[in-house]
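A.B. asks: Output the structure for:
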Amino acid sequence: MLSRLAITAGSRNSGSFIWGRSSAALSTAQPLSNNAPVIIQESPERDLVNFPRRQRPIDAPPVRLGFLPEEWFTAFHAKTGATGPYMFMASVGTYMISKEIYVLEHEFYSGIAFAGLLMYMYKRLSPDVGTYVDGLVQAKEDQLRSIRQNEIDRCQASITEEEKAQWMATSYESLIQAKKDNVALQLEAAYRERLAEAYSQVKRRLDFQMERVNVLRRVEQKHMTNWIINSVKTSITSKQEDEALKQCVADLKALAAK
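C.D. replies: This is a model prediction of the structure:
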């Protein structure tokens, strides 16, 4: 019976260790604590029908008489009924004892006492031992889950950083567009400056040509005026000047007499 307890505890420990290792990659999301649930979506490619997730056995399989598996008894029910397994054990035991196949020597009675002692220890110590073993299993599961959750958090942080980097990369597009617009404005300003410079140069040349024409016209007019005056002066004689002077004096006297 004690061996049955040891085997059950060992199967729990080994099953929990295997389940813990497989849970890092295969198990569904399990909460690290009551306040921190973890939700992981299943991949659509996962074949859970042919390859279900491995689960740690929470409860030991049912037994009878403290150490005989229940399935041994249920195998007799279809043919012998509910009392068949007990009659089988009683008949086989009677046959082995009567034929002295199994001799009831002093060790048999010592075994009965030892079995009773083991039964008593099992009844008294199994709850505490089970609680202690379950605590060890839970601590191991929490440790493995924390490793898994740390890896998930690291991947989530990497995804967040990548999304942030992609979002920041989109800002460079706006910056590049703003630089292109700035360059276009600079090109437009340079184009307008060159247009203004070309306009000023053409205007200066046109003003020069207009001023040149005006100067030529003034010079010609002055020359013509001087030529006419000089021609008139040369055509007037001294006698005409004296007569004109006398006529002017006579006109002034006539005006004064009035």
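
A.B. asks: Return the distance of residue 198 relative to residue 148.
C.D. replies: Residue 198 sits 75 Å away from residue 148, taking C-beta to C-beta, to the nearest Å as the criterion. C-betas here are computed from N, CA, C, even on glycine.

A.B. asks: Who has more neighbours out of the two?
C.D. replies: Between residue 198 and residue 148, counting by other C-beta atoms under 10 Å, residue 148 is the more crowded of the two (20 against 10).

A.B. asks: quick one, longest helix in this structure?
C.D. replies: Using DSSP state H to define each element, the chain has its longest helix at helix 106-235.

A.B. asks: After that one, which helix or strand is next?
C.D. replies: Per DSSP states H and E, the first helix or strand lying C-terminal to helix 106-235 is helix 238-257.

A.B. asks: Sort out which residues of that next one are buried, please.
C.D. replies: If you call a residue buried by 16 or more other C-beta atoms under 10 Å, then helix 238-257 has no buried ones at all.

A.B. asks: same question, stretch 145-161
C.D. replies: 145, 148, 149.

A.B. asks: same thing with stretch 85-102?
C.D. replies: Using 16+ other C-beta under 10 Å as the test for burial, stretch 85-102 gives residue 85.

A.B. asks: Going forward, count from 16.
C.D. replies: Sure thing, new numbering starts at 16, so read that last one as stretch 100-117.

A.B. asks: any idea of the mean pLDDT in that stretch?
C.D. replies: Per-residue pLDDT values across stretch 100-117 average out to 90.

A.B. asks: With stretch 178-187 instead?
C.D. replies: Per-residue pLDDT values over stretch 178-187 give a mean of 85.

A.B. asks: Off-centre distance for that stretch?
C.D. replies: Between the mean C-alpha location of stretch 178-187 and the chain-wide mean there is a distance of 10 Å, by C-alpha atoms, centre = their mean, to the nearest Å.

A.B. asks: do the same with stretch 173-183
C.D. replies: 4 Å.

A.B. asks: same thing with stretch 155-163?
C.D. replies: Taking the mean C-alpha point of stretch 155-163 and that of its whole chain, the gap between them comes to 25 Å (C-alpha atoms, centre = their mean).

A.B. asks: Likewise for stretch 188-207?
C.D. replies: Relative to the centre of its chain, stretch 188-207 is centred 33 Å away, using C-alpha atoms, centre = their mean.

A.B. asks: and what of stretch 126-135?
C.D. replies: In this view, stretch 126-135 has its centroid 64 Å away from the chain centroid, taken as C-alpha atoms, centre = their mean.

A.B. asks: Where does pLDDT dip in the protein?
C.D. replies: Low-confidence segments of the chain, defined by pLDDT under 70: 16-58, 71-74, 273.

A.B. asks: Repeat the analysis, applying 80 as the threshold.
C.D. replies: Confidence mapping of the chain against pLDDT under 80 gives the ranges 16-63, 67-76, 80-82, 186, 248, 250-257, 259, 272-273.

A.B. asks: What is the neighbour count of residue 142?
C.D. replies: The local packing count at residue 142 equals 9, with neighbours defined by other C-beta under 10 Å.

A.B. asks: And it, how far from residue 193?
C.D. replies: 74 Å.

A.B. asks: try residue 233
C.D. replies: Between residue 233 and residue 193 the distance is 59 Å, computed by C-beta to C-beta.

A.B. asks: Residue 97 too?
C.D. replies: With distances taken as C-beta to C-beta, residue 97 is found 88 Å from residue 193.

A.B. asks: can you pull the contacts of residue 169?
C.D. replies: Residues touching residue 169, when contacts are defined by C-beta atoms under 8 Å, 6 or more residues apart in numbering, are absent altogether.

A.B. asks: Give me the neighbour count for residue 98.
C.D. replies: Residue 98 has 11 neighbours, counted by other C-beta under 10 Å.
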